[in-house]
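>>> the following comprises the amino acid sequence and a computationally predicted model.
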Amino acid sequence: MFTQEYIVLLVLFIVVSLPQTYTLVNKCLSQVGLSGIVKSAGNVTVTGVVIHSVVFLALYCLYKKYNGGLVQSATFGLLSEDPEEFY
């Protein structure tokens with residue numbers, strides 16, 4: 001069964017890897033003089049992948065630091081770290 005941590009990792013990965021997220025970050029970084037995350041054809045550069053990997057890691061570390069209290073309260077306690085609790 002999926003635990004809370006797996007679901008959080010899945011959601012974070014999906015959000016960070018969306019093409020729209022790359023475009024948004026490219027627009028934001030272009031305003032401060034850093035561009036080149038997305039090429040003109042829409043292809044992601046290696047720099048873009050590295051930046052999004054760092055963002056993914058930072059978001060996951062924040063989640064671990066605060067122990068997922070927000071996720072636990074948002075799911076009303078339906079997700080559990082103990083898989084035996086579902087049976």
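Thanks, I have it.

>>> what pLDDT does the one residue sitting closest to the centre of the chain get?
Most central in the chain under C-alpha atoms, centre = their mean is L12, positioned 2.7 Å from the mean C-alpha point. In this model, L12 is scored at 89, pLDDT.

>>> count of residues packed around the closest residue to it other than its chain neighbours?
Among residues not flanking L12 along the chain, L59 sits closest, at 5.5 Å (C-beta to C-beta, 6 or more residues apart in numbering). Glycine gets a C-beta too; all of them are placed from N, C-alpha and C. For L59, the count of nearby residues is 17 (other C-beta atoms under 10 Å).

>>> L62 now?
Counted with other C-beta under 10 Å, L62 comes out at 9.

>>> quick one, phi/psi of it?
Backbone geometry at L62, expressed as degrees, to the nearest 10, gives phi -60, psi -40.

>>> low-confidence ranges in this protein?
Applying pLDDT under 70 to the chain flags the ranges 1-2, 40, 42, 68-87.

>>> give me the neighbour count for G48.
As a burial measure, G48 scores 19 neighbours (other C-beta under 10 Å).

>>> residues touching it, list them.
22, 25-26, 36-38 (C-beta atoms under 8 Å, 6 or more residues apart in numbering).

>>> name the element it belongs to?
helix 46-65 (DSSP states H and E).

>>> name the helix or strand for N67, please.
Here N67 is assigned to no helix or strand, by DSSP H and E.

>>> restricting to C-alpha, output the helix or strand L29 falls within in PDB.
L29 belongs to helix 19-31 when assigned by DSSP H and E. The C-alpha coordinates for helix 19-31 follow below in PDB (Å, rounded to 0.1, in the frame of the first residue of the first chain):
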ATOM      1  CA  PRO A  19       6.300  21.400 -19.000                       C
ATOM      2  CA  GLN A  20       4.300  24.400 -17.700                       C
ATOM      3  CA  THR A  21       6.400  24.500 -14.600                       C
ATOM      4  CA  TYR A  22       9.600  24.700 -16.800                       C
ATOM      5  CA  THR A  23       8.100  27.500 -18.800                       C
ATOM      6  CA  LEU A  24       7.000  29.400 -15.700                       C
ATOM      7  CA  VAL A  25      10.500  29.100 -14.100                       C
ATOM      8  CA  ASN A  26      12.100  30.100 -17.400                       C
ATOM      9  CA  LYS A  27      10.000  33.300 -17.400                       C
ATOM     10  CA  CYS A  28      10.700  34.100 -13.800                       C
ATOM     11  CA  LEU A  29      14.500  33.500 -14.200                       C
ATOM     12  CA  SER A  30      14.600  35.500 -17.400                       C
ATOM     13  CA  GLN A  31      13.400  38.600 -15.500                       C
END
